[in-house]
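Trainee: with the input below, show me the fold.
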Amino acid sequence: MAAHSTNQSSARKYSIDATVARSHCLRRRAADVSVARVYQRKDRFYRRAKSAGWRSRAAFKLIELDQRFRLLRRGDRVVDLGAWPGGWLQVAAERVGAGGLVIGIDRTPIEPLAGPVVCVTGDLRDEATLAMVRERCGGPVDVVLSDMAPQLSGVRATDEARAAELAARAFAVAELLLRPGGRLLIKLFQNDESARFVEQLRHRFKSVKLTRPEATRAGSAELYVVGEGFRSATSP
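Mentor: Presented below is the predicted three-dimensional model:
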């Protein structure tokens, strides 16, 4: 009898172990499928960008946001901050046409583009770089774009601080360059400070909206803030 009971106990244990193993396998397969779907989504925009001749998949973000908010118009003067490798420059140049001007700034040299595009290599924290950009603009601009993102360290507090610094720098440059009524598009990472930053923009723009384009990578905390109707410091 004891031997029979031991056999039953062993059988039950084996059955439970097998069930747990099957459950773990199913969860693992589900996770693999989820990851595969994410990379399929990435690949879709990557392939489309390559096929269309865009330098980066980020071009689709600007195309979508421009269609939604009409940020870029014929003849506009546009400044793109953190412009490397040039996907946004290509989109902006196409939108503003030969009568417009698109200036791209990045610390990494940007391969030259045809048309109304001027590339500046430099650091936005450097006054000499800002002076060069203002000279190239030839006056106040209609639009400032920023797709700048920090190099991630993996330490959340550090990465959030770096992202906030870049957004603040983009805003400061926009205040220097934008004409009254101008438009602003800045990448923003959702965190405890983002609401405070958006509130700052509301004091300087008639309309401020947060949005997330379809081409944003799955799981990303990035958002874009759109400011329309810039009010200069001397505006009533």
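
Trainee: assumed Ala92 was part of a strand.
Mentor: No: counting by DSSP: H, G, I helix; E, B strand; the rest coil, Ala92 falls outside a strand, being helix.

Trainee: got a list of what Ser232 touches?
Mentor: 175, 178, 180 (C-beta atoms under 8 Å, 6 or more residues apart in numbering). (Glycine included, C-beta is placed from N, CA and C.)

Trainee: mind checking which of these are buried?
Mentor: Neighbour counting by 16 or more other C-beta atoms under 10 Å classes Leu178 among the contacts of Ser232 as buried.

Trainee: ok, Lys206 to Thr108 distance?
Mentor: 34 Å (C-beta to C-beta, to the nearest Å).

Trainee: send me stretch 173-185 as CSV with only the CA atoms.
Mentor: Taking Å, rounded to 0.1, in the frame of the first residue of the first chain, the C-alpha atoms of stretch 173-185 are listed here in CSV:
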residue,chain,number,x,y,z
VAL,A,173,17.1,78.3,-29.1
ALA,A,174,13.5,78.6,-30.4
GLU,A,175,13.0,81.7,-28.3
LEU,A,176,16.1,83.2,-29.9
LEU,A,177,15.2,82.3,-33.5
LEU,A,178,11.4,82.2,-33.9
ARG,A,179,9.4,85.1,-35.4
PRO,A,180,6.1,86.1,-33.6
GLY,A,181,3.5,83.6,-34.6
GLY,A,182,6.1,80.9,-35.4
ARG,A,183,5.8,77.2,-34.7
LEU,A,184,7.8,74.7,-32.6
LEU,A,185,8.1,70.9,-32.6
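
Trainee: residues of that stretch that come out buried?
Mentor: Of the residues in stretch 173-185, 173-174, 177-178, 182-185 count as buried by neighbour count, 16+ other C-beta under 10 Å.

Trainee: pretty sure Gly97 sits against Pro116.
Mentor: Yes: applying C-beta atoms under 8 Å, one finds Gly97 in contact with Pro116, separated by 7.4 Å.

Trainee: of the two, which one has the most company?
Mentor: Pro116 (21 against 14; other C-beta atoms under 10 Å).

Trainee: can you pull the contacts of the more buried one?
Mentor: 93, 96-102.

Trainee: wait, Pro128 sits on Thr121?
Mentor: I think there's a mix-up here, since residue 128 is Ala and not Pro. No: counting by C-beta under 8 Å, Ala128 stays clear of Thr121, with 11.6 Å between them.

Trainee: neighbour count: the two, which is higher?
Mentor: When Ala128 and Thr121 are compared for neighbours, Thr121 comes out ahead with 14 against 9, by other C-beta under 10 Å.

Trainee: nearest spatial neighbour of that one, skipping sequence neighbours?
Mentor: Pro109 (4.9 Å; C-beta to C-beta, 6 or more residues apart in numbering).
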